[in-house]
Structures are given as structure tokens and as C-alpha cells.
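Using only what follows, build the 3D model:
(chains A, B, C and D)
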Amino acid sequence: MNKIKILFFATLRDKAGVRSTEMEIPAGVAVQGLKGILIEQFPNLNSQIMDHCLASVNQEYRFDEDKIPTGAEIAFFPPVSGG
Amino acid sequence: MNKIKILFFATLRDKAGVRSTEMEIPAGVAVQGLKGILIEQFPNLNSQIMDHCLASVNQEYRFDEDKIPTGAEIAFFPPVSGG
Amino acid sequence: MTFPLITSITEDEIDLNTLLDAITLTSTGAAAIFTGMVRGVTTRDDPHETTYLEYEAYKPMAEAKMKQVAEEIRARWPVVEGIAIVQRIGRLYPRTPTVLIACTAAHRDTGVFDAARYGIDRLKEIVPVWKKEIKPDGEEWVEGEYHPRPGE
Amino acid sequence: MTFPLITSITEDEIDLNTLLDAITLTSTGAAAIFTGMVRGVTTRDDPHETTYLEYEAYKPMAEAKMKQVAEEIRARWPVVEGIAIVQRIGRLYPRTPTVLIACTAAHRDTGVFDAARYGIDRLKEIVPVWKKEIKPDGEEWVEGEYHPRPGE
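From the prediction side, this is the model:
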């Protein structure tokens, strides 16, 4: 198992209802697989939201097929709107 | 006669040796004519210097053929180098 | 030679004088600075009023991505000397500067204006900061459009 | 509507924060600011060191020509809101900001960067300010190149 930290920002935090959470996921799970786990766990997250949002792993942009390394910090958030 | 004020800036001031002077010139004299008068009056001004410098009349750029109005303020200076 | 670089997510006022001084070398002759402010009134596209904006950031990633933007600027305009990239977060009212990108160079004809322009454009693409807009009649998250590609 | 305009020849420090605030409207979302500084070391063209620069201005004409530069900016970029054009004069040492051009607009994609760039280019052509350069081994007036034409 792989113990990871999840962060949510902006609309994703509003939907998830939490700023962060920790969870254990099977080794070898990719971002896509984690999205599925989160959709099951958080009733207001769905595949449309998770397909549209951005993901980072250890503070780098990562994509559905990228594997999640041990102890990673993963964040989910909408396209950025700073400035 | 036309009583005018002359200002010199930067290299022109160094050559003329004064910041400003007042003088009476005949009515109807143009910038070109004034340059000739100044070359006679200031030993370190010559036609090469006066041909290269810029002139303003009442704070607008003016040129050799422009007539000098009554009571004008005329300035002579090199191409500007601000910034 | 190491050139000055400031990248910051802050809740404090953006002090242009201090930031400019910090990225000015003895060889510097020109600075191009961009600042963005909260508009109280927007007339383009969807005209509306804004009471205030509430900014948040994924701070460590945002500062890392600001450093990446600075590296991209240096790669494109090697003549750039100092770079400052600052995003203010928290509750920000109309007329308040929210973001600053400043680039210095020896001369103004070196691309230093383009470098600052590139910097703000990239910040708005890849630096993880979001704003919620509070209007007289409600509030909503402002959503960006850019989806970073692998390697960004 | 009248837009804010600042044109100034001054011996005081250039305060970017105050100037930016003075040209920011509630409809303003973007500012492009250029500042020039005294270079202590110049490497391009004729490499040399500078101890300080001594600036002087034909003040009333300089402020009038700054207003003309601002009018030219407005004619070319009608979306520009506020404009500040400031030239500091007197004895100025390396790293000191000597000149500022700032333009504000609702959005950054309105030409506001080009407007600031145009402003500094025109200031260096038509605003009657001169500088004498004091170097370790002597001093000389810096001479410009531009000869204004009738109407400028």
C-alpha cells in the first residue's frame, strides 16, 4: 500500500468539502485510478469534474496515465486563474 | 525692435558661457538670422554648432525659416538625451 | 554570475520600489514592469461590478512554477538581468495591485518588455493560484482556460 | 471622462507605488511601467564605467512635451486610461531610477505594453532633457541623435 496526501483547491475543495486528506492506495495506481477512488469516496465529485480538473503530483503537473510514487502529495484543482 | 529672451542648455550653454540673455533684434528676424546674431556676439559659437543644434521658440521646436514673434523666449540646445 | 530572482506568494502589499531595487544591478539601465489590479468595474465581454476578489494559492507549487516561468524568460531572453514575480493573495479590493512581473536589462531594446509580457501570460497559465469573485449579487470562482501539457 | 495624467520633471525620488496608484481607476486591470536607471557599468558599444549622471531640463518645455507624448499615446491607444511620465533630474548615481513611463488599461492585451514602450522612445526624442556623464577619467555631455521635424 502507498500512503499519500491529497489536496483540493478552489472549486474542487468546495466539491470535496475538505482542504486535504490522507489515504492509502494500492501500489502502482496512476492518477486516473486515484480519480476513481476519490469519486467513490466524495459524493460531490464525479467523473466530469475530475476529467476537467488539473492534477499535480509532488507539485508538478501530472496526467491520467502517470503513476503515483510512494508518499506523494497529489493536488486537484481547476485551471488556474491568478494574476 | 523686438526684445527677446535667449536660453542655452547643455553644450550650448557651455559654449555661450551663459544660461540666458536678453537682447533686442530687428522685427521680422527668423531663427536663422538670430543664429547669425548670436555667432557674432558669442565668440565660442560658430555656424557648425548652430546648424547642428535644436531651437525652440516659446517652447515649441522651430526651424531656420520660422519668424521670431514679439517678446519670444528662444532656446538653443543639442539633440536631447534624457531618459 | 548569478542574477537576482524574486518569486513570492504573499499576503502583503506589493511594494514596487523595493522589488525594483532588488532586481537592479549596476549594469541595469532598463526595467519593464507589469502589474495587474482588481477591477471594480468590467465593461468588456460580460460587463459587471466586482466587490472584491479572494485569492488563494497552492503556495509551494506556485512558487516553484514562478521559478519555472523565470527560467523560461531567461532561456528566451538571455539578456534579462533580474526577475521579480509576485502574486498577492487574500481578500483584495478594486484598484489594488494583485500581481507583479518585473524584468531588468542593460538596455530597453533587448526584449525586456516582451519578457515581462511573457511572464504575466505564463503566470496566468501555469502558476496554481485561483480567485473567487465577490459581486454585489453573489460570488463565483473565476476559472482559467489553460490545461498544462506534460513537461509544463 | 477625464483620465489621470501625471507629467513631471522632479529632483525627488521616483515613487512607483504612488505614481501607479495615481493612474489606477476602478476600471483599471493592468499597468505597464518602464523605468530607466543609471548604469554604473556599460558593456555594449563603447564599454565604460559611469560615476554619476548630471541631468538638466528645460523644465516648462519638457513638461509640455511630456503632455504631447501622452496625447500621442492616447491617439494611438485610445484604451489607455492613466498615463504617468516622470523624469528625475540632478545628480543621479548608478542603480537610481531616472525616468518612468506608466500606462494603465482595463486589460493587458490592449496595447498597454506598446504604449509604455512608445512613451519612453518618444521621451528620448522630443523631451528637452540632457545628461552629462561623469566617468572615472573625465566628463562629457551625452548627445542625442533625434532632430524633431516641424510639428513635433
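
And the pLDDT at the residue of chain C most remote from its centre?
Note on chain C: the largest C-alpha distance from the chain mean falls to C:D137, namely 28.5 Å (Cα atoms, centre = their mean). For C:D137, the pLDDT comes out at 94.

any idea how far chain A is from it?
Applying Cβ to the nearest Cβ, to the nearest Å, the value for C:D137 to chain A is 19 Å. All C-beta atoms are positioned from the backbone trio N, CA, C, and that covers glycine.

ok, now C:D12?
Separation of C:D12 from chain A (Cβ to the nearest Cβ) stands at 16 Å.

Touching, that residue and C:V86? I think so.
No. With contact taken as Cβ atoms under 8 Å, C:D12 and C:V86 are classed as non-touching, separated by 9.3 Å.

Using CSV, list the CA coordinates for stretch A:76-83.
The C-alpha coordinates for stretch A:76-83 follow below in CSV (Å, rounded to 0.1, in the frame of the first residue of the first chain):
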residue,chain,number,x,y,z
PHE,A,76,-6.6,18.5,-7.7
PHE,A,77,-7.8,21.9,-8.9
PRO,A,78,-9.4,23.8,-11.7
PRO,A,79,-7.5,25.6,-14.5
VAL,A,80,-5.6,28.4,-12.7
SER,A,81,-7.0,32.0,-12.6
GLY,A,82,-4.3,34.0,-10.9
GLY,A,83,-2.9,37.3,-11.9
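
Identify all contacting residues around it.
Outside stretch A:76-83, the residues that touch it by Cβ atoms under 8 Å, 6 or more residues apart in numbering or on different chains are A:6-12, A:16, A:38, A:50, A:52-56, C:36, C:55, C:57-58, C:62, C:87, C:98-99, C:120, C:123-131, C:141-147.

chain center to the lengthiest helix in chain C: distance?
The longest helix of chain C (DSSP state H) is helix C:59-76. Centroid separation for helix C:59-76 versus its chain: 11 Å, with Cα atoms, centre = their mean, to the nearest Å.

continuing past that helix, what's the next helix or strand?
strand C:83-88 (DSSP states H and E).

Could you point out the helix or strand that follows that following strand?
Sequence-wise, the next helix or strand downstream of strand C:83-88 (DSSP H and E) is strand C:90-92.

Tell me the neighbouring strands of the helix or strand that that next one is followed by, and mark each as parallel or antiparallel.
Counting by DSSP H and E, the next helix or strand C-terminal to strand C:90-92 is strand C:97-105. Strand pairing for strand C:97-105, determined by DSSP bridges: strand C:30-37 (antiparallel), strand C:83-88 (antiparallel).

Just the mean pLDDT for strand C:97-105, thanks.
Taken as a whole, strand C:97-105 carries a mean pLDDT of 98.

List the buried residues in it.
Neighbour-count burial for strand C:97-105 flags C:97-105 (criterion: 16 or more other Cβ atoms under 10 Å in any protein chain shown).

Between all of those residues, which two are separated the most?
C:T98 and C:A105 (24.8 Å; Cβ to Cβ).

Backbone torsions only: list them for C:I126.
Geometry field for C:I126 lists phi and psi as phi -120, psi -10, criterion degrees, to the nearest 10.

measure it to chain B for me?
35 Å.

Pull the contacting residues for that residue.
Contacts of C:I126 by Cβ under 8 Å, 6+ apart are A:61, A:80, C:65, C:68-69, C:146, C:148, C:152.

How about C:E81?
Listed by Cβ under 8 Å, 6+ apart, the contact set of C:E81 reads C:3-4, C:23, C:25, C:27-28, C:103-106.

how about the closest residue to it other than its chain neighbours, what does it touch?
Spatial nearest neighbour of C:E81, excluding adjacent residues (Cβ to Cβ, 6 or more residues apart in numbering or on different chains): C:T104 at 4.6 Å. Neighbour list for C:T104: C:20, C:23-25, C:28, C:30-31, C:80-83, C:112 [criterion: Cβ under 8 Å, 6+ apart].
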